[in-house]
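In: no sequence on this one, just coordinates:
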């Protein structure tokens, strides 16, 4: 059985949890507090970041984008019509473009600010940057999320799923990031009905259930977080 | 013939220029000043970032990581022993891990600070963030680069090239980033002989020559920048 080193509110870990469940894999979950820089964890990923998938063979695959490529190469062809990185060149470019959009761009402009400031800094020692949230960072993230939501709405106005006719890694990555922001009550859903409808579709998938059950200690989710008809 | 939208000191563009030359491709180069948000450029890449490869067919492939995967899928098998993303699963994981390390982590901790503060801000209008450099950002980058240089030295102490026995995307991405930092005189080469020797090997490749000829207007490179025996 494979092991996934993750953090419950690390959006890139959430993306891989979704992808693994969609592929029928049930890894052992090991929670990492990356700021502790646990020695055995740094051996499997010198970058010290989550997620890291460790196969039963011992092969460590670090980073959400690397894991996504690895899973497609090792399990993708067995999924028939449910492959999350499609077969054709043009479709693969589009899925990877959007994957990079959410794993790197959305993360840097929205999720990382919010999760760090609102959740992680409550648990980090002050020597590692813990303490009260930086309201400027939170305000920047709340401004940025509106433009991303609009872009999702724009794409869904032209396509059934984010990258085309089928569910792909792009939908799972986008929904994973939005789920962290939504837990914190910072997605202005009323600003884009198209984006909201698409998120409701992804959120209703069985693979999403474990994410909706996650709780940050002492910090309940927004009231509609786990509601499928929000 | 393909077109590459790039910027001369965008490290991720430099990586793709190296990869294309190593593969025997000579694209038309179109320089982008991304802060101008040129309308036709945003059509090929809504993220507004370089590099973007546009094939003669019109297919636009945006982002260094996405282009690297695309080139391997469309041209990799024709390269025989010179494939830049190796064949085996384990080796592919290692190349992608290091690719992500340099394109995202090194970029965020070193190159982006230095290129933005020292080069781009001289050309940006003040409404887009132009102006004098932020010395705190420069100091942070100069501290961070030392740890990355040490990591390169550590890897090269165990392997001929960064990801193993052969030159791969990992070497080209790392060297592309270091070349931008080196132009600005901010690589402390005397701190790691192993890393310096490896860089001299990559820098001596014919594919590197065009990068060594690039100049930022009004800003000459560090004295040893184009010197192969630095």
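Out: Good, I have the coordinates. Everything numeric in this text was worked out from a predicted model, so none of it was measured.
In: near chain B, which residues of chain A?
Out: Residues of chain A found near chain B (C-beta under 8 Å from any C-beta of the partner chain) are A:46-47, A:59, A:61-63, A:65-66, A:69-70, A:73-74, A:89-90, A:92-93, A:96-97, A:100-101, A:104-105, A:108, A:151. (Glycine included, C-beta is placed from N, CA and C.)
In: hmm, try it at 7 Å
Out: Neighbours of chain B within chain A, by C-beta under 7 Å from any C-beta of the partner chain: A:47, A:59, A:61-63, A:65-66, A:69-70, A:73-74, A:89-90, A:93, A:96-97, A:100-101, A:104-105.
In: just the buried subset of those, please.
Out: Buried members of the residues of chain A next to chain B, scored by 16 or more other C-beta atoms under 10 Å in any protein chain shown, are A:47, A:61-63, A:65-66, A:69-70, A:93, A:96-97, A:100-101, A:104-105.
In: restricted to helices, list the residues of chain A next to chain B.
Out: Mapping the residues of chain A next to chain B onto helices (DSSP state H) picks out A:65, A:66, A:69, A:70, A:73, A:74, A:89, A:90, A:93, A:96, A:97, A:100.
In: neighbours of residue A:135, just the number please.
Out: When neighbours are defined as other C-beta atoms under 10 Å in any protein chain shown, residue A:135 has 9 of them.
In: and the gap between it and chain B?
Out: Residue A:135 is 20 Å from chain B, where distance means C-beta to the nearest C-beta, to the nearest Å.
In: what does stretch A:165-177 rub up against?
Out: A:11, A:14-15, A:18-19, A:22, A:68, A:84-86, A:95, A:98-99, A:102-103, A:106-107, A:111, A:152, A:161-163, A:199, A:202-203 (C-beta atoms under 7 Å, 6 or more residues apart in numbering or on different chains).
In: now, which of those residues lie within strands?
Out: Using DSSP state E, no member of the contacts of stretch A:165-177 falls within strands.
In: how about residue A:20: what's its closest non-neighbour residue?
Out: Leaving aside its sequence neighbours, residue A:20 sits nearest to residue A:27 (C-beta to C-beta, 6 or more residues apart in numbering or on different chains; 5.8 Å).
In: quick one: pLDDT of residue A:124?
Out: We have a pLDDT of 95 for residue A:124.
In: surely it and residue A:117 touch.
Out: No: look at residue A:124 against residue A:117 with C-beta atoms under 7 Å: they stay out of range, at 11.0 Å.
In: higher neighbour count, the two?
Out: Relative neighbour count places residue A:117 above the other of residue A:124 and residue A:117, with 20 against 17, counting by other C-beta under 10 Å.
In: ok, the more buried one - contacts?
Out: A:133, A:134, A:137, A:138.
In: any of these buried? List them.
Out: Buried, going by 16+ other C-beta under 10 Å: A:133, A:138, out of these.
In: and the pLDDT at the closest residue to residue A:69 other than its chain neighbours?
Out: Once flanking residues are discounted, residue A:69 sits nearest to residue B:96: 6.1 Å by C-beta to C-beta, 6+ apart. For residue B:96, the pLDDT comes out at 98.
In: right, and residue B:96 touches residue A:67 too?
Out: No: using C-beta under 7 Å, residue B:96 makes no contact with residue A:67, being 9.4 Å away.
In: still on that earlier bit, okay, and which of the contacts of residue A:117 map to strands?
Out: Among these, no member falls in strands (DSSP E).
In: could you dump the contacts of residue A:117 into JSON lines and include pLDDT and distance to residue A:144?
Out: Shown next, in JSON lines, are the contacts of residue A:117 (pLDDT from 0 to 100; distance: C-beta to C-beta, whole Å):
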{"residue": "A:133", "pLDDT": "96", "distance to residue A:144": "16"}
{"residue": "A:134", "pLDDT": "97", "distance to residue A:144": "15"}
{"residue": "A:137", "pLDDT": "98", "distance to residue A:144": "11"}
{"residue": "A:138", "pLDDT": "98", "distance to residue A:144": "11"}
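In: ok, and what's touching stretch A:31-45?
Out: Contacts for stretch A:31-45 (C-beta under 7 Å, 6+ apart): A:5-8, A:48-50, A:52, A:54, A:60, A:62, A:123-124, A:128.
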